[in-house]
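Q: just need the structure, nothing else, for what follows:
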Amino acid sequence: MRIVTGTRNDASAAASAGGTIPTDTAAKLLMVTPEWVRRLTKDGWIRKVAKDQYRIVDAVQGYINYLKDEARKATKSAAASRVQEARAREIELRTAREEGRLWDAETAEATFAEILGGFRSELGGVAAASTRDLAVRAAIEKHLNEAIERCDARLANAAAGFRAGADVGDVEGEEADA
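A: Reported below is the predicted structural model:
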């Protein structure tokens with residue numbers, strides 16, 4: 001006759017009793033609460049062989065399958081969340097464009113280039129209207145052309161920065177030579 005002492009652990013006792021374990025032991029084995037084991041049983045993840053009895057293999061495999069399914073759901077949920085965020089961003093951009101708060105980079109660049117070209121034409125007559133002295137006129141034209149070239153360089157630098165995704169405050173033009 002074999003005497004069972006309190007020193008044997010539940011898993012070895014289960015092995016000698018045909019591989020079944022009670023809910024409390026299954027919970028310890030899976031590192032969850034007994035309520036959670038019952039919930040997994042109710043949801044069909046773990047199969048019960050008798051009242052408050054589970055096969056060790058069924059408990060472990062059922063819990064592993066549950067965890068795999070949860071991981072799959074989490075991955076699927078994350079992908080759905082990214083899609084939802086992309087759709088929201090698309091709607092925000094469309095709304096901003098319709099409200100006139102968003103300009104196409106090429107349109108903005110062309111608009112500023114046209115304005116700068118018109119400004120250059122307007123300034124072209126300033127030197128002639130200011131003086132008849134050809135040397136002074138040449139000096140004025142030289143300084144105006146240099147200023148316009150600096151503005152042109154700033155525009156080109158800003159356009160390149162915007163195309164690269166820089167914010168307005170991050171785009172700097174070339175500094176004027178002193």
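Q: where does pLDDT dip in the protein?
A: 1-18, 168-178 (pLDDT under 70).
Q: ranges for the helices of it?
A: Secondary structure of the chain (DSSP state H): helices at 10-16, 23-30, 34-42, 56-98, 105-124, 126-130, 134-163.
Q: which of these sits most buried?
A: Among the helices of the chain, helix 23-30 has the highest mean neighbour count (mean count of other Cβ atoms under 10 Å), at a mean of 20. C-beta here means a position set from N, CA and C on the backbone, and glycine is covered the same way.
Q: residue 131 against residue 139, yeah?
A: No: between residue 131 and residue 139 there is no contact under Cβ atoms under 8 Å: 9.5 Å.
Q: where's residue 125 relative to residue 141, distance?
A: Using Cβ to Cβ, to the nearest Å, we find residue 125 at a distance of 10 Å from residue 141.
Q: same check, this time on residue 130
A: 10 Å.
Q: what do you get for residue 129?
A: From residue 129 across to residue 141, the span is 12 Å (Cβ to Cβ).
Q: repeat that for residue 99.
A: Counting by Cβ to Cβ, the gap from residue 99 to residue 141 is 43 Å.
Q: and the protein, what are its domains?
A: What automatic domain parsing lists as the domains of the chain is 10-69, 103-170.
Q: CSV for those, including distance to residue 77?
A: What follows is those, written out as CSV (distance: least, Cβ to Cβ, whole Å):
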stretch, distance to residue 77
domain 10-69, 12
domain 103-170, 29
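Q: what's the closest of those domains to residue 82?
A: Residue 82 sits nearest to domain 103-170 of all the domains of the chain, at 19.7 Å, using Cβ to Cβ.
Q: residue 116 touches residue 154, doesn't it?
A: No: the pair residue 116 / residue 154 is not scored as a contact, 9.6 Å apart, by Cβ under 8 Å.
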